[in-house]
Every structure is written in C-alpha cells, then in structure tokens.
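In: I would like the atomic coordinates for the input below:
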Amino acid sequence: GIRGSLARDQLVVPTSGSPPSRLRSRYPMLRVGATEEASSSQASGVAASNGSKHTIATVREQLRLFWEMSVPYFKEDNGAKIMLITVIALTLLQSGVSVVFSFVSRDFWSALNTRDVSGFSNVISRFGLALIAGVPVSVFYRFQREKLALKWREWMTQRVLALYTANR
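Out: Presented below is the predicted three-dimensional model:
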C-alpha cells in the first residue's frame, strides 16, 4: 500500500513494487516508500529549519521540478502549445480589462460625487460597453485556463502510469 504522506519533493509509490529504473531516472521525485523523517520534516512543504519560509534554493528546486514535468507535455502535444499561447494572451487581455474597469469605476465615482448628470450617463454607457467586452474575455480566459490544466493533468496521469507499468 501507500505509506506515509506526500513529502514536498517526492511522490510515494506502492512499496509492493519498485518503479522501473527508466521511471526513476526520468522522474527523480518518484521514490519507493517514504521514511518517517522525510514525511514529518517535509510534509508541510516548508523547509524544516525552524519553520522558516521557502529559501531561494527551495523555490529554484520547485521550479526545476515543474519544468521537468511540464516541458515534455508541450513538446509532445502541439495543441498544448496553442492552448498555452492562448492562455498567455488571454491573461494579458484580462489585465487590460481590469485596467479599463478601474478607470471606468474611478470616473463613475467622480461623476457621482460631483453630481454630474451628463458625465454620469456617459460613464454608465462606457460601463455597459466595458461589460459587453469584458465578460466574454473573463469567461473565455477561465475556460481556457481550466481546460489547459485538465489536459495537462490527464497527460501527466497517463504518462506516469505508462512509465510505471512498463516492463511489468
């Protein structure tokens, strides 16, 4: 069965079998079993030294592990590259929408505070246009982000299982 809990940088696999050497060499975070020391000192994801925050070395290690796990997905699947570019573009567009809403909100409160009826009606019409443009961007951004995450998780699960069960 699975022993212990997941430590920060390792995935505990069943102790009844050992992952193939190809799996261990490709994904060094896969270890058979978990020592009690590793489980207790790293289960929280924080460095064990007096509860201190992540060090630069820890962050670098996490980025390196993320890079090792994510780059093969984008190399193997061309659709993933397109989805990633789309998510990046939508992230920038979403930031632009937030800036527009910030300015419209400022103008709304200024017109309301000065009791400027014509300015207020102008701001309301700009707010309506911002909503018409901003809501689809926000919804499509979230949809694409979630879709990319789901596809990557499916790929990662299939890949790890294929590597784990290889040569069995």
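
In: count of residues packed around Ile132?
Out: 9 (other Cβ atoms under 10 Å). For the C-beta atoms, the positions are set from N, CA and C on the backbone; glycine is no exception.

In: Over to the one 10 residues further on?
Out: Residue crowding around Arg142 was assessed by other Cβ under 10 Å; the count is 12.

In: Repeat that for Ala162.
Out: Ala162: 10 neighbours (other Cβ under 10 Å).

In: ok, now how distant is it from Val104?
Out: For Ala162, the distance to Val104 equals 51 Å [Cβ to Cβ, to the nearest Å].

In: doesn't Asn167 fall inside a strand?
Out: No: judged by DSSP: H, G, I helix; E, B strand; the rest coil, Asn167 forms no part of a strand; its state is coil.

In: what about the helix or strand encompassing Gln144, average pLDDT?
Out: Under the criterion of DSSP states H and E, Gln144 resides in helix 117-165. Averaging pLDDT along helix 117-165 gives 92.

In: Repeat that for stretch 68-78.
Out: 85.

In: Restricting to C-alpha, output that stretch in PDB.
Out: What follows is stretch 68-78, C-alpha atoms only, in PDB (Å, rounded to 0.1, in the frame of the first residue of the first chain):
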ATOM      1  CA  GLU A  68      10.800  18.800 -15.800                       C
ATOM      2  CA  MET A  69       7.200  17.800 -15.500                       C
ATOM      3  CA  SER A  70       5.600  20.300 -17.800                       C
ATOM      4  CA  VAL A  71       8.100  20.700 -20.700                       C
ATOM      5  CA  PRO A  72       7.600  17.200 -22.200                       C
ATOM      6  CA  TYR A  73       3.800  17.900 -22.400                       C
ATOM      7  CA  PHE A  74       4.300  21.000 -24.500                       C
ATOM      8  CA  LYS A  75       7.000  19.200 -26.700                       C
ATOM      9  CA  GLU A  76       4.700  16.200 -27.400                       C
ATOM     10  CA  ASP A  77       1.400  17.900 -27.900                       C
ATOM     11  CA  ASN A  78       1.100  20.800 -30.400                       C
END
